[in-house]
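Visitor: Mind folding the following:
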Amino acid sequence: MNSTSTPMSPQSDSAANQNSSQSLPESHTHNRAHRAAWRSFVGAVVDWYDFLLYGIVAALVFNTEFFPQISPTMGTLAAFGTFGVGFLFGPLGGMVFGHFCDRLGRKRMLMITVWMMGIAPALIGLLPSFASIGWWAPVLLVTLRAIQGFDVGGEWGGATLLAVESAPKKKKAFYSSGVQVGYGVGLLLATGSISVVSHWTTNEEFVTWGWRLPFLFSLILVAIAWWVRNGMDESQEFEANKTLQERANKLRSFPIFEALRKHPKAFLLIIALRLGELLTMYIVTAFALNYSTAHLGLSRDMFLNIALLVGAISCFSIPAFAWLADSFGRRRIYVTGALIGAASAVPFFIALEHHNTVLILLFAILLANVAHDMIVSVQQPMFTELFGTAYHYSGAGVGYQVASVVGGGFTPFIAVLLVTGFSGAWYGVAGYLAIGCLISAVVGMSMKPQSTD
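Guide: Below you'll find the predicted structure:
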């Protein structure tokens, strides 16, 4: 096929994408890959700091500050419900940013998302409580959370693709793992900022104004991310496919529809593959914090310290697992992590029930640093390879965000409902976690081998 003179069919589009990707020059790849990985990492840190900070504060404060006129259980459900709203708007952000990113390039969209990162968190930090403005407080909180989710929907796909498409062919998991290491650093910073403020304030001061300070701190992180990303290069793979992009854009108005039409199965695969990751992390870092303090009488500081440790370990465990995946195969690392998550679900809650600090720490690490980190270390190349280069952002980015809605955003909310349904017991949540991890493991084992498997 003469790709410079004839219209592309859907089949030739995929083949051209693949051939172009395989023929990319490898000179100066490493320096460019290093820069892309670094800039993706920094943006991911800020993005996840803001997003995870919301989940931690929702578990501690939002139920009383923004929903005080309903029962404690309903207040907690409402607070975790607003947490899930952010995930609902993630797919929309992925569609909008993905549309323009697949047409105009990764760089332009990432410079927009980095500024949007600071707007919603800073405004949340300044938002009056229910006592000051009544029901406008939760309405505005939900609105700001939606804006935050919209931005995350655009940021993850762009940051991931910038790293994956610029990485050497046989090191894509390792170079793109910085996006997920950014999750760990973001968790470390979010939990650390809450811990510092909690330490230096009384409980009344923390609930009244202390929790606001970490949200305002995000403005400093955004300024740093902007400085680091300023002057970044476009994705090498996108540039190599520039002619393909220009021609493909003439044939379709919305890349997401083309991705859906050509690879409908890929979206379902991403949802199933993310269940293990989402359930392990959000049950350990968001739900367990609320459950252990409200139902079991455990210390708030203990779980904040566990989250700090989890975030610190992930900075080393994620790239280590990614290196192993590039060497021994992504599916092996992924499936092993999912099975470890399933096996650790019940023991984790038994340790909570018996207030056994050593076992709580052990199984929290197994869930969040072994199971979760093994899964996420391979997601970036695994997901993007399910789609053609012409719609990497729209396909992988939107698929990732849709999975966040199904398996992540409402996980704490669903977990609270399960606890309520089991009269305060943890059995339903443990089963929910174990089944989700098993689904991910089975789907991972059934996938066809990719480039490193």
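Visitor: and Phe62, what does it touch?
Guide: 79, 82, 141 (Cβ atoms under 8 Å, 6 or more residues apart in numbering). For every residue, glycine as well, the C-beta is placed using N, CA and C.
Visitor: change it to 7 Å
Guide: 79, 82 (Cβ atoms under 7 Å, 6 or more residues apart in numbering).
Visitor: And the pLDDT at it?
Guide: Looking at Phe62, its pLDDT stands at 84.
Visitor: repeat for Gly84
Guide: 73.
Visitor: Can you list the buried residues in the helix or strand harbouring it?
Guide: Gly84 belongs to helix 72-88 when elements are defined using DSSP states H and E. Residues 75-88 are the ones in helix 72-88 that count as buried (16 or more other Cβ atoms under 10 Å).
Visitor: So which of those is the closest to Phe383?
Guide: Phe87 (16.8 Å; Cβ to Cβ).
Visitor: Any figure for the gap between the closest one and Gln401?
Guide: 7 Å (Cβ to Cβ, to the nearest Å).
Visitor: Repeat that for Leu273.
Guide: Counting by Cβ to Cβ - Leu273 and Gln401 are separated by 14 Å.
Visitor: And Ile306, by the same measure?
Guide: In terms of Cβ to Cβ, Ile306 sits 28 Å off from Gln401.
Visitor: So if I had to pick from these two, which one is more boxed in?
Guide: When Ile306 is set against Gln401 and neighbours are counted by other Cβ atoms under 10 Å, the residue ahead is Gln401, at 29 against 22.
Visitor: is it true that that one touches Gly153?
Guide: Yes: Gln401 lies in contact with Gly153 (Cβ atoms under 7 Å); the separation is 4.6 Å.
Visitor: and for these two, which residues touch both?
Guide: Joint contacts of Gln401 and Gly153 (Cβ under 7 Å, 6+ apart) are 90-91, 93-94.
Visitor: Among those, which pair sits farthest apart?
Guide: Pro91 and Gly93, at 7.3 Å, using Cβ to Cβ across the shared contacts of Gln401 and Gly153.
Visitor: of the two, who's got more company?
Guide: Gly93 (27 against 23).
Visitor: In contact with the residue nearest to that one when sequence neighbours are not counted, which residues?
Guide: Excluding its sequence neighbours, the residue lying closest to Gly93 (Cβ to Cβ, 6 or more residues apart in numbering) is Gly153, at 2.5 Å. Neighbouring residues of Gly153 by Cβ under 7 Å, 6+ apart: 89-94, 97, 401.
Visitor: ok, now with 6 Å
Guide: For Gly153, the contact set (Cβ atoms under 6 Å, 6 or more residues apart in numbering) comprises 90, 93-94, 401.
Visitor: Phe387: neighbour count?
Guide: 27.
Visitor: next one: phi and psi at Trp295?
Guide: Not Trp; residue 295 is His. phi -110, psi -30 (degrees, to the nearest 10).
Visitor: Report the spatially closest residue to it, excluding sequence-adjacent ones.
Guide: Per Cβ to Cβ, 6+ apart, closest to His295 is Gly424, 5.8 Å.
Visitor: Now that neighbour: phi and psi?
Guide: Dihedral angles (degrees, to the nearest 10) for Gly424: phi 90, psi 0.
Visitor: what's the distance between it and Thr64?
Guide: Gly424 is 20 Å from Thr64, by Cβ to Cβ.
Visitor: Any buried residues in stretch 348-363, and which?
Guide: Quick answer for stretch 348-363 (16+ other Cβ under 10 Å): 348-349, 351-352, 360-361, 363.
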